[in-house]
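Asks: What shape does this take:
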Amino acid sequence: MKNIPVKLVGSALLALFLGAARAADTVKVGVLHSLSGTMAISETSLKDVLLFTFDEINKSGGVKVGGKPHMIEPVIVDPASNWPLFAEKAEQLLVKDQVSVVFGCWTSVSRKSVLPVFERNNGLLFYPVQYEGEELSKNIFYTAEAVNQQAIPAVDYMLGEGKKKFYLLGSDYVYPRTTNKILKQYLKSKGIPDADIEEIYTPFGHTDYQTIVASIKTFSGGGKACVISTLNGDTNVPFFKEFANAGLTSENCPVVSFSISEDEFRGLPAKALAGHLGCWTYFMSIKSPENAKFVADFQKWLQAPKVTGVDYTVTGVDPKGRVTCSPMNLSRIGVYLWKAAVEKAGSFDVDKVRPAIVGQKFKGPAGEVVMQANHHLVNTAFIGETLPTGQFKIIKTIKKVAGEPFSAKFLGAN
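Replies: Sure, this is the predicted structure:
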């Protein structure tokens, strides 16, 4: 599949762009997200927010190296929710297109598919989506929520609410299975017996949840149960519809989802799901000047010609109903951390930029984040309750949670 073409728009804007290009160098950056297939429901918005961020930076003068501005030139590829194709596209970005950095991947299986490509070619990947941990690569910076910044706080909250039975439901791949393995160990340490923990997985794109929801309904008798969901992609739509049709609610069996943000709720029956929970390091409903600006600027960007004079829209963007979410925020944060590191290093060279990323801070819409030596962020975790509007009401805030990828450390195992 070829790179998605960029389309020049407007002679005046084109002249502006060409004039800027003569006055400044450019730097190629890769965008590695599925724009088709089962994961497009989630990943297309990450592509959009990355292009918005590049445009935001270019408008403010670009990335400055050696006193000279460099305009960001995105190279967009579509791995099409095909995990081996992710590796091929990563190789293309690093070897053929020679990008300085890549922002991308959603699922852990896609990240694990590209990891050896980045290590072999000494590339740099920023990964923005909640994941299972148990990994640390010198070639990846994980702005994503680690298990101790999402799954553990969510389970702690449910335990605090008196839940005694946990139904672990996930898509059948590495992130849900590893996360649930950690959660089972954690729940047992809190006194929850094996008999009160159920665990089941479905394939990507699975649509028939009648049997599973019936099992949940039986399991949830007595109101002491909850569902911990690591379902990913568009399979959430039939699950939640069947869940609501079965008469299950947030009152008799709340669902805590780790892969459903405001963006996914646009395709779900949000009114029927009011009261269910999410745990992320950002919600669109956060009240801060930085968040108000982020949301307003992004929505305005979706409606206006791009300031660089290039229209990156492929299939057309309807700004109505567009939202922001945690993976989008973490994608944007990654770009700004990379920019700051490049400017500190005075170079786009990966071996010079990598150490400069550690210790970088960025005051984002949800507060300040700091990149640690373990390539994970110190961030704030939020528990949110779904509203009928598809937004989240923040019901708990846990500040300054240091991302820890290895469960043996935060579980206290020997």
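
Asks: switch to C-alpha atoms for all contacts and neighbour counts from now on
Replies: Noted.

Asks: Below-threshold pLDDT in the chain: ranges please.
Replies: Flagging of the chain using pLDDT under 70 yields the residue ranges 1-24, 305-320, 413-414.

Asks: Could you give the number of residues near residue 261?
Replies: Applying other Cα atoms under 10 Å, we find 26 other residues in the vicinity of residue 261.

Asks: If you could redo that for residue 395, that was the one I meant.
Replies: A count of nearby residues for residue 395, using other Cα under 10 Å, gives 10.

Asks: got a list of what it touches?
Replies: The neighbourhood of residue 395, defined by Cα atoms under 8 Å, 6 or more residues apart in numbering, consists of 382, 383, 384, 385.

Asks: Buried ones among those?
Replies: Among those, those classed as buried by 16 or more other Cα atoms under 10 Å are 382, 383, 384, 385.

Asks: Residue 176: which of the contacts of residue 395 is nearest?
Replies: Looking at those and their distance to residue 176, the nearest is residue 383, at 19.3 Å (Cα to Cα).

Asks: So that closest one: helix, strand or coil?
Replies: The local conformation at residue 383, judged by DSSP: H, G, I helix; E, B strand; the rest coil, is strand.

Asks: With residue 154 as the reference, measure out to it.
Replies: Taking Cα to Cα, to the nearest Å as the measure, residue 383 falls 7 Å from residue 154.

Asks: overlap in contacts of these two?
Replies: When contacts are counted by Cα under 8 Å, 6+ apart, residue 383 and residue 154 are jointly contacted by 278, 279.

Asks: residues of the strand or helix carrying residue 393 that come out buried?
Replies: Assigned by DSSP states H and E, residue 393 belongs to strand 392-402. Going by neighbour count (16+ other Cα under 10 Å), the buried part of strand 392-402 is 392, 393, 394, 400, 401, 402.

Asks: Then stretch 159-177?
Replies: Quick answer for stretch 159-177 (16+ other Cα under 10 Å): 159, 163-177.

Asks: that older thread, strand partners (parallel or antiparallel) of the strand holding residue 393?
Replies: When pairing is defined by DSSP bridges, strand 392-402 lines up against strand 377-386 (antiparallel).

Asks: Report the distance from the strand it pairs with to the chain centre.
Replies: Once both centres are worked out by Cα atoms, centre = their mean, to the nearest Å, strand 377-386 turns out to sit 13 Å from its chain's centre.

Asks: CA atoms only: put the helix or strand hosting residue 238 into CSV for me.
Replies: Assigned by DSSP H and E, residue 238 belongs to helix 236-245. C-alpha atoms of helix 236-245 as CSV (Å, rounded to 0.1, in the frame of the first residue of the first chain):
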residue,chain,number,x,y,z
ASN,A,236,-16.8,-3.2,21.7
VAL,A,237,-19.9,-2.1,19.7
PRO,A,238,-21.7,-5.5,19.7
PHE,A,239,-20.5,-6.3,23.3
PHE,A,240,-22.0,-3.2,24.8
LYS,A,241,-25.2,-3.4,22.8
GLU,A,242,-25.7,-7.0,23.9
PHE,A,243,-24.8,-6.0,27.5
ALA,A,244,-27.5,-3.4,27.5
ASN,A,245,-30.1,-5.6,25.8
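
Asks: Backbone dihedrals for residue 76, both of them.
Replies: The phi and psi values for residue 76, taken as degrees, to the nearest 10, are phi -100, psi 130.

Asks: Identify the bridge partners of residue 200.
Replies: Counting by DSSP bridges, the residues bridging with residue 200 are residue 169.

Asks: buried stuff in the very next helix or strand once past the strand holding residue 393?
Replies: Following the chain from strand 392-402 toward its C-terminal end, the next helix or strand by DSSP H and E is helix 407-410. If you call a residue buried by 16+ other Cα under 10 Å, then helix 407-410 has these buried ones: residue 407.

Asks: For helix 407-410, which outside residues touch it?
Replies: Taking Cα under 8 Å, 6+ apart as the criterion, the residues outside helix 407-410 that touch it are 133, 134, 147, 148, 182, 404, 414.

Asks: hmm, back to that, just give me the closest of the buried ones among the contacts of residue 395 to residue 375.
Replies: Sorting those by distance to residue 375 puts residue 382 at the head of the list, at 21.1 Å, by Cα to Cα.

Asks: nearest spatial neighbour of the closest one, skipping sequence neighbours?
Replies: residue 397 (4.7 Å; Cα to Cα, 6 or more residues apart in numbering).

Asks: Pretty sure that neighbour sits against residue 379.
Replies: No - when contacts are counted by Cα atoms under 8 Å, residue 397 is not listed as touching residue 379 (10.9 Å).

Asks: thinking again about what came up before, among the contacts of residue 395, list the two that are farthest apart in space.
Replies: Taking Cα to Cα, no two of the contacts of residue 395 sit farther apart than 382 and 385, at 10.0 Å.
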